[in-house]
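[1] sequence and predicted model, in that order:
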Amino acid sequence: MRRINHFIGGKLVPGESGRTGPVYDPATGQQQAEVDFASVEEVDAAVASAADAFAAWRSASLSRRSEVMFHFRELVDQRRADIAALLTSEHGKVLSDAMGEVARGLENVEFACGVPHLLKGGFSEQAATGVDVYSIRQPLGVVAGITPFNFPAMVPMWMFANAIACGNTFVLKPSEKDPSVALYLAELLKEAGLPDGVFNVVQGDKLAVDRLLEHPDVRAVSFVGSTPIARSIYETATRHGKRCQALGGAKNHMVVLADADVAMAADAAVSAGFGSAGERCMAISALVAVGSVGDALVAAIQERLPNIKVGPGDDPESQMGPLITREHRDRVAGYVEGAAGEGATVVADGRDVAVDGDGFFLGVTLVDDVRPDMAVYRDEVFGPVLSVMRVDTYEDAVRLVNDSPYGNGTAIFTRDGGAARQFQFDVECGMVGINVPIPVPVSYYSFGGWKASLFGDTHMYGPEGINFYTRGKVVTARWPDPATSSVDLGFPRTR
Ligand code: NAD
């Protein structure tokens, strides 16, 4: 069985803890590799390697750091297809989704290429007579990233591109479910000229995470994953005196007003509800039909569903791949069963889909007449299940969005600019789409939700990412008047 190792000090390091986890091909259901699970000593070795590399990397000029990022950008660009194929083989998403993931990750590398500009401080000449004040931003030291299974290339790039460009050194703990892409990116960073030790990967589970959270040399932790783990990561990291940004789960609503373009809204609901098999933190999970639009909207979505071909991600014909594990597929299917039992109407049942072999497939599922008390609405399902909720008024829709414990993304579909503007004012979410179902910000803004979708006060990547990975220093400077120098510098002695 193929073994997936750690990457420490610029090279692959086989694990010696004796603990491993299985990595599946979700399209066949077969185990394809074993991933090493790090021991405390192995995590310590990765942190030590990052700590040793810090002084030199921090001293590297801005143009040198930017040059490495540019080179890395070129390498990722050239290898898009290879990275996408690796993503598909372990995650299961279709190749077009995987290519999209690489593209959205790459944006963050491109942003980080601008680090000389991003780290410019402020300068106040003559703040007092003969006194100047200026600000600089400096890296923190060793920083850690802990990432989820659903975007194994993009989410690490959200973190490490800015962290490294700012002069930090990095330890990544990827998801144990699809751990290979992290190593591929590590090799590309090395090829791009990144010194050994600046970027390290430790594979593993809770044990590795817990060690990173308490390690005295880890200065900051970025986390993306489910809400219960995000909350506990935030509490533990901050208790140990670290900076922490912990992004959690989501339950995203798409509100459709009666004046919306129904065909446009139906296309959006299908792509945002079922893209990547619904395993996106920005997936639309609840479709909120306001007033009279419900029947037409459900009919338009239903009409589109037979066109979604479910199959292996590496088959160019497939539009939706399998779920990540058998257990997760069964859990998602359980919500469909539960919703029917609680009185919802199952319009399309993904459990009916048959794909050859033992892959972890579930077809697209549309559930109508969902109420807020049903489990399919209360919980983050994280699968290809779209719930339709019918409400009478705009106020009812906003109340539904705002009563949700999550506040990641939301969207409104309408032709009325005033209604859209009011919605962006009213909703308690970090990211809002107007006739855009998945409003993931471009890399020069920052990504983050509100409420149980983010613990901490800093969103990820973009300008907030630069702030997170640096600390400010303000210098107040006064120089002796050159006219008073003991050496005659040629200045007039009196002025
Ligand atoms: P997860 O929380 O199970 O795992 C995330 C990471 O935490 C993994 O590296 C995992 O190994 C580690 N982990 C798991 N259990 C742990 C524990 N008990 N202690 C310490 N570490 C632990 O999440 P997942 O299933 O990999 O990813 C899906 C979740 O991530 C969904 O809830 C999704 O909404 C969320 N997500 C959120 C965003 C966002 O930006 N808000 C983006 C992507 C995914």
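    In hand now; what should we look at?
[2] centre-most residue in this protein?
    residue 155 (3.9 Å; CA atoms, centre = their mean).
[3] just the element for it, please.
    helix 154-165 (DSSP states H and E).
[4] list the buried ones in that helix?
    Neighbour counts over helix 154-165 (16 or more other CB atoms under 10 Å) mark 154, 155, 156, 157, 158, 159, 160, 161, 162, 163, 164, 165 as buried. Every residue, glycine included, has its C-beta placed from N, CA and C.
[5] now stretch 171-190
    171-186, 188-190.
[6] gap between the two ends of it?
    14 Å (CA to CA, to the nearest Å).
[7] all the strands of the stretch 351-495 of the chain, residue numbers only.
    For the stretch 351-495 of the chain, the strands defined by DSSP state E, counting those that start in this stretch cover 365-368, 385-391, 406-407, 409-413, 431-434, 450-451, 454-455, 470-478.
[8] interface residues of the stretch 101-250 of the chain facing the ligand?
    Residues of the stretch 101-250 of the chain lying close to the ligand (CB under 6 Å from any ligand atom) are 146-151, 155, 173, 175-176, 205-206, 209, 224-226, 229, 247-250.
[9] take the residues you listed and keep only those in strands.
    146, 173, 224, 247 (DSSP state E).
[10] what's around the first one, how many residues?
    Residues near residue 146, counting by other CB atoms under 10 Å, number 26.
[11] that one and residue 209 touch, don't they?
    Yes: Residue 146 is within contact range of residue 209, at 5.6 Å (criterion: CB atoms under 8 Å).
[12] so who does residue 1 touch?
    31, 33, 34 (CB atoms under 8 Å, 6 or more residues apart in numbering).
[13] what subset of those residues is buried?
    residue 33.
[14] what's the overlap in contacts for residue 146 and residue 209?
    173, 233.
[15] count of neighbours near residue 477?
    10.
[16] any weak-confidence spans in this protein?
    Applying pLDDT under 70 to the chain flags the ranges 494-495.
[17] looking at the stretch 1-150 of the chain, which residue is nearest the ligand?
    residue 148 (3.1 Å; CB to the nearest ligand atom).
[18] what's the local residue count around that residue?
    By other CB under 10 Å, neighbour count at residue 148 equals 22.
[19] for it, which residues are in contact?
    Per CB under 8 Å, 6+ apart, neighbours of residue 148: 155, 175, 224, 225, 226, 281.
[20] and the second one, how far from residue 21?
    According to CB to CB, to the nearest Å, residue 175 stands 10 Å off from residue 21.
[21] packing partners of the particular helix or strand that has residue 295 in it?
    Counting by DSSP H and E, the element that carries residue 295 is helix 294-304. Under the contact criterion of 3 or more CB pairs under 8 Å, 6 or more residues apart in numbering; DSSP states H and E, helix 294-304 touches helix 262-274, strand 284-290, strand 345-348, strand 365-368, strand 385-391.
[22] let me have the ones you listed in a markdown table, extended by distance to residue 139 and mean neighbour count.
    What follows is the helices and strands packed on helix 294-304, written out as a markdown table (distance: least, CB to CB, whole Å; neighbours: other CB atoms under 10 Å):
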| stretch | distance to residue 139 | mean neighbour count |
| --- | --- | --- |
| helix 262-274 | 37 | 21 |
| strand 284-290 | 38 | 27 |
| strand 345-348 | 51 | 17 |
| strand 365-368 | 46 | 26 |
| strand 385-391 | 43 | 23 |
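[23] give me the distance between the spatially closest residue to residue 131 that is not a sequence neighbour and the ligand.
    Of all residues not flanking residue 131 in the chain, residue 478 sits nearest, at 4.8 Å (CB to CB, 6 or more residues apart in numbering). Remark: distance between residue 478 and the ligand (CB to the nearest ligand atom, to the nearest Å) = 46 Å.
[24] show me what contacts residue 43?
    So residue 43 contacts 171, 202, 204, 208, 211, 212, 215 (CB under 8 Å, 6+ apart).
[25] isn't the last one right next to residue 47, touching?
    Same thing as residue 215. Yes: at 5.3 Å, residue 215 and residue 47 qualify as touching, with contact defined as CB under 8 Å.
[26] what about residue 121, which SS state?
    Residue 121 carries the three-state label coil when classified by DSSP: H, G, I helix; E, B strand; the rest coil.
[27] what helix or strand does the closest residue in space to it that isn't next to it in sequence sit in?
    Using CB to CB, 6+ apart and skipping residues adjacent in sequence, the residue nearest residue 121 is residue 135, 4.0 Å away. For residue 135, the host element (DSSP H and E) is strand 131-139.
[28] now do the same contact list for the residue nearest to the centre of the chain.
    105, 147, 148, 224.
[29] number of residues surrounding the first one?
    Meaning residue 105. 23.
[30] other SSEs contacting whichever strand or helix holds it?
    If you go by DSSP H and E, residue 105 is part of helix 95-112. Helices and strands touching helix 95-112, by 3+ CB pairs under 8 Å, 6+ apart, are helix 62-78, helix 80-91, helix 154-165.
[31] what angle do that helix and helix 80-91 make?
    Counting by axes from the mean of the first three to the mean of the last three CA atoms, to 10 degrees, helix 95-112 lies at 120 degrees to helix 80-91.
[32] starting at the chain centroid, how far to helix 95-112?
    11 Å (CA atoms, centre = their mean, to the nearest Å).
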